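1. fold the following for me, if possible:
(one chain, ligands or ions: 1)
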Amino acid sequence: MFRSARLKLASLYLVIIMTISIFFSFFIYNTTLVEVERVLKHQAVEFYAARGLIPPPPNFIQINPDLLIEARRQIVLRLLTINLIILGISGGIGYILSGKTLAPIEAMVDQQKRFISDASHELRTPLTALKSELEVNLRDKELTPQRAKEILMSNLEEVNNLQMLSDNLLRLTQYEDARGWDFVKVSLQKVIADAWVKVAPLANQRQIAFESSVKNEYTIGDAFSLTELFMILFDNAIKYSPKKSTVRVSAKAHDASMKLFVSDEGIGIPQENIPHIFDRFYRSDSSRSKHSVTGYGLGLSIAQKIIRLHKGSISVDSTIGRGTTFTLKLPHVKEA
Ligand code: ADP
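-> Here you go, the predicted model:
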């Protein structure tokens, strides 16, 4: 598809360049011919003058038609050669340029295709499980009301997970650009407090404590998405930490930028998995097997998108069995 589009675009470039070139060739042909006639007539006048004769008026001077034909032939030949060279060069350049023009579009389409296939794959697995559970139980003639209720509850859990997946997928596409965002001075103390309030029920369940030393630190950004960013990091910190541990947040401000550290005392991330944790749908094996926690591997890719839209960066430092620290780099604004 992109090969034919590239050829079409290259041909379009060629048509534009050749139209301009042919237009100028006609112009050059006409002006050169007028100039040749003028020079020939001037030569004739000089010829008369050299012999002491009075030259006839320019309109009456006869030019040798063979000379004019030869001049025309030479001009046409040169213009044709020039046009052929332009055709060859612009054909090549047009092909290269159209490739360069289409490359980002091709990359975007590929990315979208991958996204759709990843998303449908993730959706298919829980849907198939849900469907077969329903089918098997519908065929069961001895299904008791008590068992039916249990099945409905388990189905509801699956549906909730699916809803979470579709919400996350939607968010991932929403954070492609910062359209509709309000970039204002945002208090990080408030953002962090708001985010913790949202995850507090989960933290309380696991008796996980929270400590933040972030006080009067401000950034320029969108408060809503920054809250979501901290929610993702806190949610992970809680999910992947043992009961009764602590999640800590601290900050280190410089002039134009600042660093925020979100640390937990959890299971840690194996070094070999660190380069992949920001990939869509990536879940490290340890989080799948040893700890049966919910998630579709979308949280950190959403977090990364949010931080990039704030012209910041996110990195991670982790030690197995000791804990993980996510470092966020954001623009820093002074308090006043
Ligand atoms: P998930 O929905 O699986 O939490 P994320 O994109 O948020 O998806 O995280 C990707 C993977 O990174 C997780 O599956 C987990 O293996 C790892 N991870 C993220 N945060 C932590 C953390 N605080 N401690 C340990 N592992 C983490």
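2. show me what the one helix or strand Ile69 maps to is packed against.
-> According to DSSP states H and E, Ile69 maps onto helix 65-139. Applying 3 or more CB pairs under 8 Å, 6 or more residues apart in numbering; DSSP states H and E, we find helix 65-139 packed against helix 2-50, helix 145-174. All C-beta spots, glycine's among them, are computed from the backbone N, C-alpha and C.
3. now do the contacts for the residue of the stretch 1-150 of the chain found nearest the ligand.
-> When scored by CB to the nearest ligand atom, the stretch 1-150 of the chain has Glu122 as its residue closest to the ligand, at 11.0 Å. Each residue near Glu122 by CB atoms under 8 Å, 6 or more residues apart in numbering is listed here: 165, 281, 296.
4. what sits closest to whichever residue of the chain sits closest to the ligand if chain neighbours are left out?
-> Closest contact between the chain and the ligand, by CB to the nearest ligand atom, is at Gly295 (2.2 Å). Closest residue to Gly295 apart from its sequence neighbours, by CB to CB, 6 or more residues apart in numbering: Arg283 at 6.4 Å.
5. A helix includes that neighbour, no?
-> No. Counting by DSSP: H, G, I helix; E, B strand; the rest coil, Arg283 is not found in a helix; it is coil.
6. that older thread, per-residue confidence at the residue of the chain closest to the ligand?
-> Reported pLDDT at Gly295 in the predicted model: 80.
7. near the ligand, which residues of the chain?
-> Listed as neighbours of the ligand in the chain under the rule CB under 6 Å from any ligand atom: 236-237, 240, 264, 266-269, 277, 282-284, 287, 295-301, 324.
8. so which of those belong to helices?
-> 236-237, 287, 299-301 (DSSP state H).
9. min pLDDT across those residues, which one?
-> Among those, Ser287 has the weakest pLDDT, 51.
10. hang on, the earlier thing: how far is the helix holding Ile69 from where the chain is centred?
-> 18 Å (CA atoms, centre = their mean, to the nearest Å).
11. and stretch 170-178, by the same measure?
-> For stretch 170-178, the distance to the chain centre is 11 Å (CA atoms, centre = their mean).
12. could you do stretch 182-200 as well?
-> 27 Å.
13. quick one, what contacts Gly268?
-> 318-324.
14. oh sorry, the question was meant for Ser241
-> 206, 208, 247, 264-267, 323.
15. return the members of those residues classed as buried.
-> 208, 247, 264-267, 323 (16 or more other CB atoms under 10 Å).
16. what pLDDT does the residue of the chain most remote from its centre get?
-> Distance from the C-alpha centroid of the chain, by CA atoms, centre = their mean, peaks at Gly52 (81.5 Å). As predicted, Gly52 sits at a pLDDT of 87.
17. that one: helix or strand, and which one exactly?
-> For Gly52, there is no host helix or strand (DSSP H and E).
18. can you report phi and psi for it?
-> With angles defined as degrees, to the nearest 10, Gly52 sits at phi 70, psi 20.
19. now the contacts of Ser241 in a markdown table, with pLDDT?
-> Formatted as a markdown table, the contacts of Ser241 follow (pLDDT from 0 to 100):
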| residue | pLDDT |
| --- | --- |
| Arg206 | 94 |
| Ile208 | 97 |
| Val247 | 98 |
| Asp264 | 98 |
| Glu265 | 97 |
| Gly266 | 95 |
| Ile267 | 94 |
| Gly323 | 96 |
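20. tell me which of these fall in strands.
-> Mapping those onto strands (DSSP state E) picks out 247, 323.
21. let me know the closest of the contacts of Ser241 to Ser154.
-> Ser154 lies nearest to Arg206 out of these, by CB to CB, at 22.3 Å.
22. isn't that closest one up against Ile238?
-> Yes. If you go by CB atoms under 8 Å, Arg206 and Ile238 touch, sitting 6.1 Å apart.
23. quick one: the helix holding Ile69 to helix 145-174, angle?
-> Helix 65-139 runs at 160 degrees relative to helix 145-174, counting by axes from the mean of the first three to the mean of the last three CA atoms, to 10 degrees.
24. tell me the mean pLDDT for helix 65-139?
-> On average, helix 65-139 scores 91.
25. which parts of stretch 150-162 are buried?
-> Buried residues in stretch 150-162 (16+ other CB under 10 Å): 151, 162.
26. for ChimeraX, what selects the buried ones among the contacts of Gly268?
-> This is the ChimeraX syntax for the buried subset of the contacts of Gly268, where burial follows 16+ other CB under 10 Å:
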select :318,323,324
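27. which residue ranges of the stretch 201-336 of the chain form strands?
-> Listed in chain order, the strands of the stretch 201-336 of the chain (DSSP state E, counting those that start in this stretch) span 209-212, 218-221, 246-253, 257-263, 313-319, 323-331.
28. need the residues that contact the longest one.
-> Pointing back at strand 323-331 there. 219-221, 229, 233, 237, 240-241, 256-266, 268-269, 307, 310-318.
29. ok, the closest residue to Ser315 other than its chain neighbours - how many residues close by?
-> Closest residue in space to Ser315, ignoring its immediate chain neighbours: Thr327 at 5.0 Å, by CB to CB, 6+ apart. Here the count is done by other CB atoms under 10 Å, and Thr327 has 15 residues near it.
30. give me the beta-bridge partners of Thr327?
-> Phe261, Ser315 (DSSP bridges).
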